[in-house]
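Asks: When you get a sec, could you give me coordinates for this:
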Amino acid sequence: MHPILFQIGSLTIYSYGVTIALAVIVCAWALSADAKRHQIKPDVIYDLMFWTVAWGIIGARIFYVFLTWDYFSQNLLEIVMLQHGGLAWQGGFIGGSTAGVLFVRHKKLPLRLTLDLVAPYIALGQSIGRIGCFLNGCCYGKPVEWGVYFPSFEARLHPTQLYETGGLLAAFLILKYAQTKSHRAGMIFVLYLWLAAIERFVVEFYRADHDNLWFGLSLFQYIALGIFITGLFLLGRFKK
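Replies: Model (predicted):
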């Protein structure tokens with residue numbers, strides 16, 4: 001764990017924030033290059049990224065605070081301390097996708113084409129961001145003898161953050177490959193929903209930072225099931 005990369009006087013550089021920034025820069029650069037092939041100006045992509053990321057982070061933080069309100073109700077200042085970690089992907093997806101769709105509608109871009117274009121880079125950005133979770137020590141896994149030693153827990157744990165990094169990177173590669181094949185508009189985005197939902201559902205079995213609800217499943221697993229079903233719903237709509 002290395003939550004702090006380095007300090008310069010009173011300035012502290014946190015690994016979590018650096019990885020989030022790196023994810024945004026890498027995805028914005030790669031996405032703008034892809035967009036040119038569809039006659040979409042890079043400036044439009046940069047604006048789309050800005051609004052999507054900004055509201056994605058806001059949504060992710062709000063959802064995380066809501067889920068852990070018992071802690072934040074006693075530590076209100078921690079709500080704005082993003083450098084300490086604590087973003088829920090599900091909230092980020094809702095906030096970011098809502099802002100993205102509204103922006104696309106405002107710019108009169110083809111919605112399904114844009115969703116297909118963006119989908120692989122959502123997975124890539126999440127993959128990079130999970131490295132920040134690993135360095136920060138949040139989103140931790142259950143104890144296991146061969147696991148990675150986390151000093152703050154004084155135990156060896158499943159490196160679930162790295163499981164997600166690997167799973168989401170694989171999703172990115174699958175989505176990029178799918179883009180090269182003939183497909184109906186919107187199907188790449190549907191495939192992203194399925195891959196992201198499956199990845200999170202599986203990794204949740206090894207995480208220790210949540211409580212299970214019904215049938216031994218966590219809230220996040222039920223949300224993942226909901227996202228997978230949403231993909232099925234969109235599949236039916238797009239086929240029509």
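
Asks: what about the strands in the protein?
Replies: Taking DSSP state E, the strands of the chain run over residues 4-8, 11-14, 143-150, 155-157.

Asks: tell me the mean pLDDT for the last one?
Replies: This predicted structure assigns strand 155-157 an average pLDDT of 92.

Asks: quick one: contacts of stretch 24-31?
Replies: Residues from elsewhere that reach stretch 24-31 (C-beta atoms under 8 Å, 6 or more residues apart in numbering): 45-46, 49, 53, 117-118, 121, 124-125, 128. Where C-beta positions appear, they are placed from N, C-alpha and C, glycine not excepted.

Asks: Now do it, average pLDDT.
Replies: pLDDT averaged over stretch 24-31 gives 89.

Asks: Let me have the contacts of stretch 24-31 in a markdown table, adding distance to residue 139, pLDDT and neighbour count as columns.
Replies: Shown next, in a markdown table, are the contacts of stretch 24-31 (distance: C-beta to C-beta, whole Å; pLDDT from 0 to 100; neighbours: other C-beta atoms under 10 Å):
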| residue | distance to residue 139 | pLDDT | neighbour count |
| --- | --- | --- | --- |
| 45 | 29 | 85 | 23 |
| 46 | 29 | 87 | 14 |
| 49 | 24 | 84 | 24 |
| 53 | 19 | 85 | 22 |
| 117 | 28 | 91 | 22 |
| 118 | 24 | 90 | 25 |
| 121 | 21 | 93 | 23 |
| 124 | 18 | 94 | 22 |
| 125 | 16 | 90 | 27 |
| 128 | 14 | 92 | 21 |
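
Asks: closest to residue 221 among the residues you listed?
Replies: Using C-beta to C-beta, residue 125 is the member of these that lies nearest residue 221, at 22.2 Å.

Asks: what about the helices in this protein?
Replies: Applying DSSP state H to the chain gives helices spanning 15-36, 42-67, 69-72, 89-107, 111-136, 160-179, 187-203, 219-239.

Asks: any idea how far the spatially closest residue to residue 192 that is not a sequence neighbour is from residue 79?
Replies: Excluding its sequence neighbours, the residue lying closest to residue 192 (C-beta to C-beta, 6 or more residues apart in numbering) is residue 119, at 3.9 Å. Distance, residue 119 to residue 79, using C-beta to C-beta, to the nearest Å: 30 Å.

Asks: of those two, who's got more company?
Replies: Neighbours were counted for residue 119 and for residue 79 using other C-beta atoms under 10 Å; residue 119 has more, 26 against 15.

Asks: how about residue 128, what does it touch?
Replies: Counted by C-beta under 8 Å, 6+ apart, residue 128 has contacts 19, 22-23, 26-27, 165.
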